[in-house]
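Colleague: my questions are about this predicted structure, shown below with the sequence.
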Amino acid sequence: MATSTTAVDAPADVPAPGRRPRGWRGLPVIRQLRQSVGLQRGMLVAGLVLTGIFLVTAIFAPLLAPFEYSQLRDPSGAFGAQQAPSSDHWLGTTVGGYDVLSRVIWGTRTALYVIVAAVLMSIVIGVLLGLVAGYFGGWLDRVLVVVADAIYAFPSLLLAIVVGIVLNGGESSLRGGIMAAALSITVIFVPQYLRVVRAETVRIKAEAYVESARVIGASHWRIMSRHVFRNATRTLPLILTLNASEAILTLAGLGFLGFGIEPTAAAEWGYDLQKSLSDVTSGIWWTSLFPGLAIVLVVLGLTLVGESLNDLADPRLRTRRRGPVTPADVGETSVVPGSPSADTAYLDGKGPA
Amino acid sequence: MTTAPARDVVEIENLSVTFATDAGDVDAVRDVSLTVGAGEVLAIVGESGSGKTVTARSILGLLPETALTRGAILLTSKDGSETHDVVTLSRRGLGEVRGRDAAMVFQEPSTALNPVFPVGWQIAEGLRAHGDYSKKEARAKAIDVMRRVGIPDPEERVDHYPHQFSGGQKQRIVIAQALALDPGVIIADEPTTALDVTVQAEILDLLRRCRDEFGTAIVLITHNMGVVADLADRVAVMYQGRIVEQADVRTLFSAPVDEYTRQLLGSVPRLGEGRARTADRAGARAPGWQEATPVVEARDLRIVYPGRLRRPDFVAVDGVSFAIRPGEVLGLVGESGSGKTTIGRAIAGLTKVTGGSLTVHGAEMNGMKERAFRPLRERIGFVFQDPASSFNPLLTIADAVAEPLVVHKRAKNPQEARGRVDELLEAVQLPKSFGDRFPHELSGGQRQRASLARALALDPELLIADEPTSALDVSVQKRVLELFDELQRELGFACLFISHDLAVVDLLADRIAVLYKGELVEEGTGEQVLGAPQHPYTQRLLASLPVPDPDEQALRRAEWDRLR
C-alpha cells in the first residue's frame, strides 16, 4: 500500500512544468523580456533603450557634456546669450548664456538624484506604514488611511510647493534643492505605496500560510517580515517605474514654477523651460525644445517600461507565442462530410477530402 | 455500441485542443470522439486536468483565445432540422447556437448570476437574444420556467435579486436560464460541487426531471462517482486528455475494463469501510483509557461573530459539548455554515470563544491571551483545507516544514533543522529532494503531505485537520487518507478531523459528531451514527449521500424521497 503511493504520486525528479528559470535568466526585467512577444516586446525594448540612455547619460555626464552646467565663458571669452546652434555650441545657448547641450546632459543627473532619493524614501516609509496598517488594523490603520486620503485630496504640485518652501526656506544649493524636491515628491508618493502594500497585506493576512504561521506560534514580527513582507511587495517594481516618471514631471513642474534648483547649483530642465518662455515668441526654438524633449523622452521610457512590466505580470494581458502547428498529423484529423471546414483543412495543410 | 437512441444531438469527432502557455504548448484534449443521444445523460468523469471541462466547453465554443481546436463537433438542434460544426462556426453563428441548441450550467451558482439584475431579467435575457419576445411574454416565460425548476411563488420571486436566494435555489435559477430556450443539450460543469450534500440531492433530482420532462440531453461533468451513479445513463472516463473507457453506467460500475477506471472506482471511499478498523483500535486500548484526561474538552461552547452595522450577531456554534481523549480521532461532520471549521479554529486559538468552556491541553480558551497560549501551540498541529494557499510561495518546502522547529527554538535556522525535515518528509512519503522545491512545483496531493509533515514537525499530541482532502482528486485523496491513518497509528496523536464527507470521516474516525446549524445533533461511534442514525438531520444527510453503485443508489433515492 505504502510503496505504491510513492510510485504514482511522487515522480522523484521530473521537473514540474512552468518551473521558474534560475540564474540570470530569472532576474526581474530580463525574465519579462524573455517572456514577451510582439508589440509588448517592442514597447518593453523601446522603454528599456530610452531608460538605458538616460542612465548612461546621467552616470557619464562629466565626460559627455562639453561644458559645466553653470559655465558662462571659456578661455576664448563669454558664450553670449541666445546663440543659435553652431559648431561651438551644438544646441545653442540660453538667455542666461549657458550651453544648452551641457544643461540638458547635466540635467539627467539631477533628475536621477531626485528619482532615487524620492523613490527610496517613499518606498521605505510607505511599505513600513502599509505593513503595519494592514497587519494590525484597528485605529492606527484608520488614522493612516484617513491621512493618506487627505494627502490625495491636495493637488500634488501645490503640496510639493508647500513642502518645498517649508524645507527649503529660500535655500537653493544642489543638495538642498534635490532634497526639497525629493521630499515633496515623497510626501505625495507615500500614500500610494501605503495603500498598495496595505491592501496586499490585508489580503495576505487571510491566506492560509499566514494562519498556519500563527498556529505554529510565530511572533507578529516574524510573520510580518518572513511571510507578509516579501509577498506584499511583489507588485512594487511596477509602481516604482511609473512613479519614477511622475517624479521627473513633478521636479520639472517645481522648477518651471520657480521653486526648483538655482542654475548655479545644478542643471534642471524645468528651470530652463521657464527661462525660455519668452524665447518661443521671438523664434528662438532651441532653448525650449531640447530640455522639453529630454523630459518627454525620459518620462516616455520609464512609462513604457512600467506599463509593459505591468501587462506582462498579468497573465490575462500577456500575449503568448502561439505554438507551431505541426503538419505531421495530417491523416488524424477528420474532415466533416458535407461541410468543407476551411479552418481545419488550412491548419492541416490539406484541402477538403 | 450502445442501444442507439433516436438521434445524436452532439457528435464529437477526433477533437484535439491545444493551449499555448508560457511553458510551451499543452495538449488538453487528444483525439476524443463522443456522441450524446437525445434525452440522454452522458457523464464525463476524470481527475482535475484530465480535459473533461475543456471537452465539454468546446461543445459551446467557450474556450479562451489561446486554445487551438482541431476535429469536428457537430451540434444538432432539438427538432433535428439543423446541424452545425461548432469548430468552424463564426462568432455570430456561435451566438445563435448557444442557448438555443446547447446551454451551460456552471459550477458556482453564486458567480454565474449577475448580482445587480433581478433573476427574471437574467432568464429573459437569453430569450430576447434569440427571438422576438415582448417584455410581457419574456416575463411570463421566465415565470413559467422558474415554476418548472421548482422555485416557490415564481410570480413574486421573478423580481428578486440573486442574493435573496439560497445556494441551491440559485443553481435552480441557473438551470432555468439554461432551460429557457428549450435546448437539445445542457452542459452541466460540476453542477453540484459547490453545494451541500442535501442540496446536491435536490439539484440532481431536478436535472433528472430536466431529462424526463423537457427531453433535454445532459452532458454532466463531475469527479464524484456517486453523482454519476445517481444520474448518468452512459459514462465516459477521461484520463490525460483521452477517453480511456466509455460504457453504459451499470456496465461501468459492475465490470470496468480499463485499469484506470478500476483504480478510480477503487479509490472512492464507501460508507462502512472504516468500521472494522475502528473496532480494531477500540479493542487495542488500555483499560483505563476512558478515564484519561481529555486533550480537548468543550462544555456548552458558544462562539458568536459580532454583527456589523445594526445586523444581529451571528451565532456560529451554540452549546456544543464534546471531548477528545488522547490518541482518539473525532470526526466532525456538517454542511457549510454548520460551525465545524469555527470549532477547529477555536481549538487552535484562531477564533475567540464567546461563551461556555473549551479546554485545550488543560488550559481554558475562554478569555485566553495569545501570549499565554503560545507555549501550548507546539503541542497542536493544524492541516489546512486548501493545499494551494497553505504554503508561502516564496519559501521552499524544507523552509516551510522547518518553520515550527525554528519558531519553538528546536533549531536555530532552517539549515540546522534540515535533518529533522528530511525525516519528516520521508515519514509522509515524499522524497528528500522535494525539500528544495517551491510549493508551486508540487501537486496538490504532494503539497497536502508536506502540510502534514509541517503539522507533525513538533510531534504534537493533538492534530486538527480541517477538510484536508476536500480539494484533492479521489485517487489522491485515498492515498493521503491512508497515509494519515498510518501516521496516526504510529504516532498516536489525538485528532479532530473536520469534513463534509461522511464516507471520509467514517474511514478514519473513532467517533463521529454531526453538527447542524451550530448545534451538535448526534455523537457516537461510526456504527451508531451511520448504522442507526437517530436525529432526522443525520438520517437526511445519510440518505442524500450518493453511493457509487447505480442499483443501490436507486434504492437510496427512494429512501431519500420518503424522508423529504
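Modeller: Yes, it's here.
Colleague: how many other residues sit next to the closest residue to residue B:435 other than its chain neighbours?
Modeller: With sequence-adjacent residues excluded and distances taken as CB to CB, 6 or more residues apart in numbering or on different chains, residue B:435 is closest to residue B:398, at 3.3 Å. (Each C-beta comes from the backbone N, C-alpha and C, glycine too.) The number of residues packed around residue B:398, counting by other CB atoms under 10 Å in any protein chain shown, is 24.
Colleague: likewise the one 10 residues further on?
Modeller: Around residue B:408 there are 17 other residues, counting by other CB under 10 Å.
Colleague: returning to what we had before: check what pLDDT the residue nearest to residue B:435 gets.
Modeller: pLDDT recorded at residue B:398 is 91.
Colleague: do the same with the one 5 residues further on
Modeller: Residue B:403 carries a pLDDT score of 90 in this model.
Colleague: what do you get for residue B:61?
Modeller: pLDDT at residue B:61 comes out at 86.
Colleague: my reading is that it lies in a strand. Confirm?
Modeller: No: counting by DSSP: H, G, I helix; E, B strand; the rest coil, residue B:61 is not part of a strand but coil.
Colleague: what kind of secondary structure is residue B:187 in?
Modeller: strand.
Colleague: please name the residues that touch it.
Modeller: B:56, B:57, B:59, B:60, B:102, B:103, B:104, B:105, B:218, B:219, B:221 (CB atoms under 8 Å, 6 or more residues apart in numbering or on different chains).
Colleague: now the fifth one, nearest residue through space, not along the chain?
Modeller: What that stands for is residue B:102. Residue B:102's closest residue in space is residue B:185 (CB to CB, 6+ apart), at 4.9 Å.
Colleague: and the gap between the one you found and chain A?
Modeller: According to CB to the nearest CB, to the nearest Å, residue B:185 stands 19 Å off from chain A.
Colleague: dig out what that residue forms beta bridges with.
Modeller: Beta-bridge partners recorded for residue B:185 (DSSP bridges): residue B:102, residue B:217.
Colleague: okay, and the residue in the stretch 451-564 of chain B positioned nearest to chain A sits in which element?
Modeller: Nearest to chain A in the stretch 451-564 of chain B, going by CB to the nearest CB, is residue B:479, at a distance of 4.6 Å. Under the criterion of DSSP states H and E, residue B:479 resides in helix B:474-491.
Colleague: name the helices or strands packed onto that helix?
Modeller: Applying 3 or more CB pairs under 8 Å, 6 or more residues apart in numbering or on different chains; DSSP states H and E, one finds that helix B:474-491 makes contact with helix A:2-9, helix B:259-267, helix B:444-455, helix B:502-508.
Colleague: with respect to residue B:162, which of the contacts of residue B:187 is nearest?
Modeller: Comparing these against residue B:162 with CB to CB places residue B:105 closest, at 15.1 Å.
Colleague: which non-adjacent residue is nearest that closest one?
Modeller: residue B:188 is the one closest to residue B:105 (CB to CB, 6+ apart), at 4.3 Å.
Colleague: I'd say that neighbour and residue B:227 touch.
Modeller: No: contact status for residue B:188 versus residue B:227: not in contact, 10.0 Å apart, counting by CB atoms under 8 Å.
Colleague: what touches both of the two?
Modeller: Counting by CB under 8 Å, 6+ apart, the residues touching both residue B:188 and residue B:227 are residue B:220.
Colleague: contact partners for residue B:150?
Modeller: B:172, B:206.
Colleague: over to it. Which of the three states is it?
Modeller: Under three-state DSSP, residue B:150 comes out as coil.
Colleague: before we move on, what's the pLDDT of it?
Modeller: 86.
Colleague: ok, it to residue B:203 distance?
Modeller: 10 Å (CB to CB, to the nearest Å).
Colleague: residues making contact with the lowest-mean-pLDDT helix or strand in chain B?
Modeller: Counting by mean pLDDT, DSSP states H and E, chain B has its least confident helix or strand at helix B:275-283, which shows a mean of 73. Outside helix B:275-283, the residues within contact range by CB under 8 Å, 6+ apart are B:485, B:489, B:506, B:507, B:509, B:510, B:525, B:526, B:527.
Colleague: likewise for stretch A:42-60?
Modeller: Under CB under 8 Å, 6+ apart, the answer for stretch A:42-60 is A:29, A:32-33, A:36, A:64, A:105, A:108-109, A:111-112, A:297-298, A:300-309, A:312.
Colleague: need the residues of the stretch 101-250 of chain A near chain B, please.
Modeller: A:207-209, A:211-219, A:222, A:226-227, A:230-231 (CB under 8 Å from any CB of the partner chain).
Colleague: of these, buried ones?
Modeller: A:207-209, A:211-218, A:226-227, A:231 (16 or more other CB atoms under 10 Å in any protein chain shown).
Colleague: widest-spaced pair of those residues?
Modeller: A:217 and A:231 (20.3 Å).
Colleague: what helix or strand is the residue nearest the centre of chain B on?
Modeller: The centroid of chain B falls nearest to residue B:193 when counting by CA atoms, centre = their mean (4.8 Å). Using DSSP H and E, residue B:193 falls within no helix or strand.
Colleague: chain A versus the residue lying closest to it once chain neighbours are set aside, what's the distance?
Modeller: Residue nearest to residue B:193 in three dimensions, not counting chain neighbours: residue B:107, with 5.6 Å by CB to CB, 6+ apart. The spacing between residue B:107 and chain A, counted by CB to the nearest CB, is 20 Å.
Colleague: for residue B:107, give me phi and psi.
Modeller: phi -70, psi -50 (degrees, to the nearest 10).
Colleague: was I right to think it contacts residue B:174?
Modeller: No: using CB under 8 Å, residue B:107 makes no contact with residue B:174, being 9.8 Å away.
Colleague: neighbour-wise, which of the two wins?
Modeller: residue B:174 (28 against 19).
Colleague: which SS class is the more buried one?
Modeller: Under three-state DSSP, residue B:174 comes out as helix.
Colleague: pLDDT at it, what is it?
Modeller: So residue B:174 comes in at 92 (pLDDT).
Colleague: how about residue B:202?
Modeller: 87.
Colleague: secondary structure element holding the residue nearest the centre of chain A?
Modeller: The centroid of chain A falls nearest to residue A:241 when counting by CA atoms, centre = their mean (0.7 Å). Using DSSP H and E, the element containing residue A:241 is helix A:236-256.
Colleague: list the helices and strands that helix packs on?
Modeller: Going by 3+ CB pairs under 8 Å, 6+ apart, helix A:236-256 lies up against helix A:100-136, helix A:156-168, helix A:174-205, helix A:269-275, helix A:286-313.
Colleague: hmm, residue A:288 is touching residue A:279, no?
Modeller: Yes: between residue A:288 and residue A:279 a contact is recorded at 6.3 Å, counting by CB under 8 Å.
Colleague: and the residue nearest to residue B:155 when sequence neighbours are not counted, how many neighbours?
Modeller: In space, and not counting its chain neighbours, residue B:155 is closest to residue B:143: 5.8 Å by CB to CB, 6+ apart. By other CB under 10 Å, 20 other residues sit near residue B:143.
Colleague: in the helix or strand harbouring residue B:143, what counts as buried?
Modeller: Using DSSP H and E, the element containing residue B:143 is helix B:135-148. Across helix B:135-148, burial judged by 16+ other CB under 10 Å covers B:138, B:139, B:141, B:142, B:143, B:145, B:146, B:147, B:148.
Colleague: same check, this time on stretch B:201-219
Modeller: Neighbour-count burial for stretch B:201-219 [16+ other CB under 10 Å]: B:201-207, B:210-211, B:214, B:216-219.
Colleague: so which of those comes closest to residue B:89?
Modeller: residue B:219 (18.2 Å).
Colleague: give me the three-state assignment for the closest one.
Modeller: strand.
Colleague: all helices of the stretch 201-350 of chain B, in order?
Modeller: B:225-231, B:249-254, B:259-267, B:275-283, B:340-347 (DSSP state H, counting those that start in this stretch).
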